[in-house]
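> Sequence and predicted structure, then a few things I'm wondering about:
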Amino acid sequence: MKVSRYKKEDSITYALGATVVMEFLINRPEQVEGVILHPKFDSEDTIRKIEDITKRYSIPVTTEEKAFNILSQKENCFVIGVIRKVKGEIEEGNHVVLVNPSNAGNFGTIVRSCAGFGIKQIAVIPPAVDHFDPKTVRASMGAVSRVNIEVFPSFEDYSRKFPGNNYYPFMLDGSVLLQKTEIKEPCSLIFGNEATGLPEEFSKIGQPVRIEHTDNIDSLNLPIAASIALYEATKGVFG
């Protein structure tokens, strides 16, 4: 199966690792164009599960080493999925909105937290990291196959599509503590860039929120802040 180093303009991306590939085979098999096994991969149970699904959906499977030399030098990567990109469109409901996210690993971690807490609609405001990047896909542990991600030209475009949502921008100087905020559905949890946060104009949008912490740090890591917010927004569901 022919592969090449990933480029943003490609029509396909790659899922690296058995767990990540299985997530796509289970959740979005229609997007899997092929599966590549490393010759040294010897997990019979996983291979059987992969073969069961790929046969059901007529997905080609090959065994070769060259693809791994091109796409992954990690010793623990023994399965590659060739994934067709599909333009995402989010639905009404609770959303996470990421404004100018720039780190693939952080993006993937947030996607995994979103899937874990049941908010599966993610809006992205560019400039932004490529959410199809294999690094993002792997950082999410394949959770990108469980969520919908839509890129909007601007926050104004997003808000025009979902005017009925309750907006909660998370800012260092947010006027209300998260612990004292009643997050009403449908909600939009809005987060800014890892380095700069949200632009000042977001302080005039919805209910600006801050997560209180000690002065031992200047701010929380973005995926941690997003996970805390997701927990607070959904704790009634799991309580």
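Cool, got the structure.
> Kindly list the longest helix within the protein.
Ordering each helix of the chain by length in residues (DSSP state H) puts helix 222-238 first.
> Would you mind listing the buried residues in that helix?
By 16 or more other Cβ atoms under 10 Å, the buried positions in helix 222-238 come out as 222-230, 232-234. Placement of C-beta: from N, CA and C, glycine included.
> Please apply the same query to stretch 22-38.
Of the residues in stretch 22-38, 22-25, 27-28, 31-32, 34-38 count as buried by neighbour count, 16+ other Cβ under 10 Å.
> Just the closest of the residues you listed to Glu185, please.
Closest approach to Glu185 among those (Cβ to Cβ): Asn27, at 24.4 Å.
> hey, where'd the helices end up in this structure?
18-27, 44-56, 66-71, 104-117, 134-139, 155-161, 222-238.
> could I get those helices as a markdown table with distance to Leu98?
Listed next are the helices of the chain as a markdown table, based on distance: least, Cβ to Cβ, whole Å:
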| stretch | distance to Leu98 |
| --- | --- |
| helix 18-27 | 21 |
| helix 44-56 | 31 |
| helix 66-71 | 26 |
| helix 104-117 | 7 |
| helix 134-139 | 12 |
| helix 155-161 | 11 |
| helix 222-238 | 8 |
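> Quick test: name the residue nearest the centre of the chain.
Nearest to the mean C-alpha position of the chain, counting by Cα atoms, centre = their mean, stands Val111 at 2.8 Å.
> Next, count neighbours for Leu172.
Using other Cβ atoms under 10 Å, the number of residues around Leu172 comes to 14.
> tally of neighbours for the residue nearest to Asn27 when sequence neighbours are not counted?
Closest residue to Asn27 apart from its sequence neighbours, by Cβ to Cβ, 6 or more residues apart in numbering: Ser145 at 4.1 Å. Residues lying near Ser145 (other Cβ under 10 Å) number 25.
> again, but for Phe107
For Phe107, the number of neighbouring residues by other Cβ under 10 Å comes to 29.
> which residues are contacting stretch 226-239?
Contacts to stretch 226-239, defined as Cβ atoms under 8 Å, 6 or more residues apart in numbering, come from residues 94, 96, 110, 113-114, 116-119, 168, 170, 178-179, 181, 183, 187, 189, 191, 209, 211, 220.
> Okay, and which of those residues map to strands?
Of the contacts of stretch 226-239, the ones assigned to strands by DSSP state E are 96, 168, 187, 189, 191, 209.
> Just put the residues you listed in JSON lines and tack on distance to Thr136 and pLDDT.
JSON lines is the format used below for these (distance: Cβ to Cβ, whole Å; pLDDT from 0 to 100):
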{"residue": "Val96", "distance to Thr136": "15", "pLDDT": "98"}
{"residue": "Tyr168", "distance to Thr136": "24", "pLDDT": "98"}
{"residue": "Cys187", "distance to Thr136": "24", "pLDDT": "97"}
{"residue": "Leu189", "distance to Thr136": "19", "pLDDT": "98"}
{"residue": "Phe191", "distance to Thr136": "16", "pLDDT": "98"}
{"residue": "Val209", "distance to Thr136": "26", "pLDDT": "96"}
